[in-house]
Structure formats: structure tokens, C-alpha cells
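In: coords please:
(one chain, ligands or ions: 2)
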Amino acid sequence: MALVPMETALQRLLEDVGPLDGESVPLKDAYDRVLAESIVALRTQPPFDASAMDGYAMQGADAQTTDGELAVIGEVAAGSTFSGSVEAGQCVRIFTGAPLPAGTDTVVIQENVDRPADGVIRLREPTAAGRNVRRAGLDFTTGDLLVEKGHLMRASALSLAASANHARLKVVKRPLVAIIATGDELCLPGSELGPGQIISSNSYGIAAAARAVGADVLDLGIAPDREDAISALVKQAVAAGADVIVTSGGASVGDHDLVHKVLTREGMTLDFWRIAMRPGKPLMFGRMDNIRCLGLPGNPVASLVCSQLFLKPLLARLGGRTFHQDIRTATLGAPVSANDHRQDYVRAAIEERDGQLIATPFGVQDSSMLRTMAASGGLVIRAPFQPASEIGDPCQLMMIG
Ligand SMILES: Nc1nc2c(c(=O)[nH]1)N[C@H]1C(S)=C(S)[C@@H](COP(=O)(O)OP(=O)(O)OC[C@H]3O[C@@H](n4cnc5c(N)ncnc54)[C@H](O)[C@@H]3O)O[C@H]1N2
Ligand code: MOO
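Out: Ligands and ions are numbered 1, 2, ... in the order given. Prediction:
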């Protein structure tokens, strides 16, 4: 069967994927969430003309001259109001954030004032009328559109939402991804291994990739290579309300590669399987009603590369986030041979020399080797049938986190 080109696979994976429904969350839980509804101001800020400085509030005409003295007729701090009205020749002691008393429009900062006697001030230099005052609505007014739907909530937008008097926000539901590792040989880290056994590592990297784009993770552990065992975990994933089921292993053509069979029996319709890529050829994708099923290859590096290329964009899209691979032009630090029909993702050591990124592919690229994967800052992308390249040639480098 012909392998599916990378571009076709990515297009089919994402073609009908939109953000999940919204849910209302307390403001304190809205960090790193995507807005399902725009934030509109529920109040005006500041709600009154307010002093921007500690000093004296007075009429503009009195602030512009150093002639004469002004009578201090009261005091107002943030959180209180001054009940009277200020006439010419009078002023009110005022503190930052306090509402301007009626009759005043200017604040003279205290550094520019002498107090020759109790209850009296004299200005050291003139202050322009209207200075040191924040007008009502300077920041926003009730009904203003403050943050648009689709925005990823960070610190400043959270403070703004609070200031606009929102106690809760409607955000896109985080996609829930259920992860199932398959294989008789697999044991959890920390286990005493028996003959033929290895440690199951894939789920940790897959979960991290999912979390990096805002998904919630349900790690369902390891299913041995038995249809009923895999089936039981798939049923658990469905019952938990998973939006995406990710399996690792059992996606290839071996007698123990049962994932496709089980998922199909559980209701999955296969969309595509076997991609023209290396590593990651046995990748499988299908749908079970609204649940997307991604069958990742078991080889550890293949599962990570496919998480970067397929799982992250899928989850990001479901969560309403924008996601683009970080692809840069680099210079090859070692020659690479001509490519065959599969798009290659080649682990490489990355360094920066004189502002230039140098990518030096590791000599051995076996897709079981996690150590070189962990040491790679990025993957050199080699297009199908790309001819051999020499040291110093430009290359496409996909950065990986
Ligand atoms: N005759 C063929 N054999 C294979 C082909 C092929 O086209 N024809 N494809 C090869 C490629 S490419 C890959 S990738 C692997 C992937 O196959 P599976 O998805 O069926 O994976 P498994 O056979 O279950 O495992 C492969 C390898 O990875 C180890 N593994 C599996 N799960 C984990 C895990 N959670 N943590 C760590 N390591 C894991 C497993 O022990 C195997 O060593 O198939 C090739 N074969
Ligand atoms: O996809 Mo397989 O990882 O090419 O080894």
C-alpha cells in the first residue's frame, strides 16, 4: 500500500477540527486558557477623576501661579471621598488614587509645595492646569471590548479581566487526551525487569507534548498485547470523556500489532495509516464519533516525533490555540546522504556560531535511541528524494521543545 505523504496526512488530521465547547471557570483558574467569549468591560476604570500623585488638589488657575497662599481645607485618600467643594484659594491634601474633590481639576505634587504654617501651602513652581489627574474612563469604559475571543490568557489579560469586574470567564475546554501504551514487554519505570522486558517510556514524552499545548492528560498505563486488554483501556478512555485517544505501539504489521483491530471494533473509522516519513511510518489516524484516535508507532523516537508533528497541532486546534512548528534555516555541520521516498526527521546537535545555527546530524538514527533525541535541539527535515547535502549547505530545522 502506498504511503500517505506528510502534507496530506496533516491536512486530513486537521481539516474538520475546531475548538471544543466553552466552560465557565473562576478567574484564578483562567491562566493559560483560551477565551471562548470576548471580555467586555462591566465597569469604567477609573470610575472617577483620580489623583495620579500624592499632593494637593486645587483649581487649575491656582496651580499656575506661585503668588499667594492656599488654605488646606481637608484631606482625601484612596477609598474615601471629600464631601465639600473647593473654591479659588483653597486646596485639599490628596493621595494617589483618591477621587478629585468637587471644584478641583489639578494636583500639585507635594515636592513642589512649602507649608509655611499649619493648614496653609505655598507653591514653589507653577503646575499646568489638569496635571497629575487620571480622567474617569482613561483605561476603559463600560461596554468596551477589552480582550477578544480566542486570546490565550496571560498575566496582564487576567488582571485586566479582574479590573473589568469579571469573577469568571468562559474559556475553551481543555482537550482530554487518554494515553495507552501497548506491549507485553513493557513495565513501568522503577520495575525489576524480567527476561525480554523493557521500560515503558513513550507515555511520558507523549503526555509532556500534550500538556505543552494545553491538554489534560489521562495516562491509562500499559495494555499487554491482548485484544481484550487493549479494548478495556479504550473503553475506559471513552467513558472518561477523552477527546483524543493516543496509543503507542502495536501500529505496525506484526502479529502482535492489534491496535487497529481493537479500535475498529470499538467503533473507529480509519482515516489514514502509514505515512511517508521516518521515523513514524506506521502512524494511524481515525475517528470514533467525536473522539480522534491517533495510533503512534512504538519506537520511542517515532512516538516523540509523531507527537510533535501530529498530536500537538491536533490538541492545540481542539483547545482553540494557534500552533506552528518552529522551522528555521540552519547550516549543516555534517554531510547527509540522498533521501528516499520518506520525509526524514533527522536528530541533530544544534549550536550557534556567529549568529548562525549549525545543525550536525547524529551518525546513527535508529528510532529506538532516546539519548540522541534528548540531546537534539531540533530535527533536520529532509524532503522525499532530496539529493545529498554537504557540510555548510543550508537545511530546514524543526525546533523541538
Ligand atoms: N515488517 C515490518 N516491521 C516493522 C515495520 C514495517 O514496516 N514492516 N515498521 C517498523 C517501524 S518504522 C516501526 S516505528 C515499528 C513500530 O511498530 P509498532 O507501532 O507496531 O510498535 P511495536 O512493535 O509495539 O514496538 C516497536 C518498538 O518500540 C518499543 N516500544 C513500544 N512501546 C513502547 C513504550 N511505551 N516505551 C518504550 N518502548 C516501546 C517496543 O519494545 C519495540 O522495540 O515497527 C517496525 N517494524
Ligand atoms: O517509524 Mo519507525 O520509527 O521509522 O522506526
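
In: Which residues of the stretch 301-401 of the chain lie near ligand 2?
Out: Within reach of ligand 2 by C-beta under 6 Å from any ligand atom, the stretch 301-401 of the chain has these residues: 302, 367. Every residue, glycine included, has its C-beta placed from N, CA and C.

In: can you pull out the helices in the stretch 301-401 of the chain?
Out: 312-318, 370-375 (DSSP state H, counting those that start in this stretch).

In: Return the helix ranked longest in the chain as CSV; C-alpha atoms alone will do.
Out: When the chain is scanned for its longest helix (criterion: DSSP state H), the result is helix 227-239. Taking C-alpha atoms only, helix 227-239 is exported to CSV below (Å, rounded to 0.1, in the frame of the first residue of the first chain):
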residue,chain,number,x,y,z
GLU,A,227,-7.3,-7.6,22.3
ASP,A,228,-9.4,-7.7,25.5
ALA,A,229,-6.7,-5.8,27.5
ILE,A,230,-6.4,-3.0,24.9
SER,A,231,-10.2,-2.9,24.4
ALA,A,232,-10.7,-2.5,28.2
LEU,A,233,-8.4,0.6,28.2
VAL,A,234,-10.0,2.1,25.1
LYS,A,235,-13.4,1.7,26.8
GLN,A,236,-12.0,3.5,29.9
ALA,A,237,-10.8,6.3,27.7
VAL,A,238,-14.3,6.7,26.1
ALA,A,239,-16.0,6.5,29.5
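
In: Dump the helices of the stretch 301-401 of the chain into TSV; add mean pLDDT as well.
Out: Conversion of the helices of the stretch 301-401 of the chain to TSV gives the following (pLDDT from 0 to 100):
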stretch	mean pLDDT
helix 312-318	98
helix 370-375	96
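
In: and V172, bridged to which residues?
Out: Here V172 sits in beta bridges with G22, going by DSSP bridges.

In: Repeat that for R382.
Out: D344.

In: which ones are touching it?
Out: With contacts defined as C-beta atoms under 8 Å, 6 or more residues apart in numbering, the neighbours of R382 are 336, 339, 343-346, 395.

In: Could you double-check that S200 lies in contact with D184?
Out: No. Look at S200 against D184 with C-beta atoms under 8 Å: they stay out of range, at 11.2 Å.

In: Neighbour count: the two, which is higher?
Out: S200 (22 against 14; other C-beta atoms under 10 Å).

In: distance of the more buried one from P300?
Out: In this view, S200 and P300 are 10 Å apart by C-beta to C-beta, to the nearest Å.

In: Kindly report the domain assignment for this structure.
Out: Using automatic domain parsing, the domain parsing of the chain gives 6-20+174-318, 22-42+152-172, 50-134, 327-399.

In: and the longest one, how far from the chain's centre?
Out: Using C-alpha atoms, centre = their mean, to the nearest Å, the mean C-alpha position of domain 6-20+174-318 is found 22 Å from that of the whole chain.

In: which residues of the stretch 251-400 of the chain fall in strands?
Out: Secondary structure of the stretch 251-400 of the chain (DSSP state E, counting those that start in this stretch): strands at 269-273, 277-278, 284-288, 291-296, 327-332, 343-353, 356-361, 378-382, 394-399.
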